[in-house]
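> Using only what follows, build the 3D model:
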Amino acid sequence: MQRIRVEPISSYLERRRKGPIYPAVVANGFVYLSGLPPFDPETGDVKPAPFERQVEIVLEQMKHCLEVAGSSLAQVVKCNVYCTPDPSHFARFNEVYERYFPIESPARIFLQVPSWPGSFDVEVDCVAVVD
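Residues are numbered from 1 along each chain as shown. Below is the predicted model of the structure:
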């Protein structure tokens, strides 16, 4: 098993959670990504943002982590989406998600969570095949 640091995301996580955090783990030909909040790409802080922008940030982080781990969005086999309850989130999430998975989307579940310990509405984790 290989734990992978992904900069600047690992530094953001360590600063917030005060410990060694690995957003990606590679094992047995798969990469497992932790769910990440929508860290502001400029500062690493989690700031209030429109829902669609939060989804873009999370999926861009996911793309970056996968590439560092030797995989890609095209090789994602499963996503878990965690979202605060709002009737419009499902459709709005799908509009952004389709841009990242335009041809064949992976297996996916969309779960509602009551809240997060921060001002954000969405987090996504995934499993992908390693090149």
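
> Check which residues of the helix or strand of the chain with the lowest mean pLDDT are buried.
Ranking every helix and strand in the chain by mean pLDDT, DSSP states H and E puts helix 9-17 at the bottom, with a mean of 85. By neighbour count on 16 or more other CB atoms under 10 Å, the buried set for helix 9-17 is Ile9, Ser10, Tyr12, Leu13, Arg16. Placement of C-beta: from N, CA and C, glycine included.

> Val124 contacts Cys83, doesn't it?
No. Using CB atoms under 8 Å, Val124 is not in contact with Cys83, being 9.0 Å away.

> quick revisit: outside of the next helix or strand after the least confident helix or strand of the chain itself, list whatever touches it.
Remark: after helix 9-17, the chain's next helix or strand is strand 24-27, criterion DSSP states H and E. Contact with strand 24-27 is made by 1-4, 6, 31-34, 65-66, 68-70, 130, as judged by CB atoms under 8 Å, 6 or more residues apart in numbering.

> If we use 7 Å, what do you get?
Met1, Gln2, Arg3, Ile4, Val6, Val31, Tyr32, Leu33, Cys65, Val68, Ala69, Val130 (CB atoms under 7 Å, 6 or more residues apart in numbering).

> re earlier: identify all contacting residues around the least confident helix or strand of the chain.
Pro20, Ile21, Tyr22, Pro23, Leu36, Phe39, Gly44, Gln61, Cys65.

> Can you select the buried ones among those residues for me in ChimeraX?
Typed into ChimeraX, the line below selects the buried ones among the contacts of helix 9-17, using 16+ other CB under 10 Å:
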select :21,22,23,36,39,61,65
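
> Now do the same for Gln40: its pLDDT.
No, residue 40 isn't Gln; it's Asp. Predicted confidence (pLDDT) for Asp40: 88.
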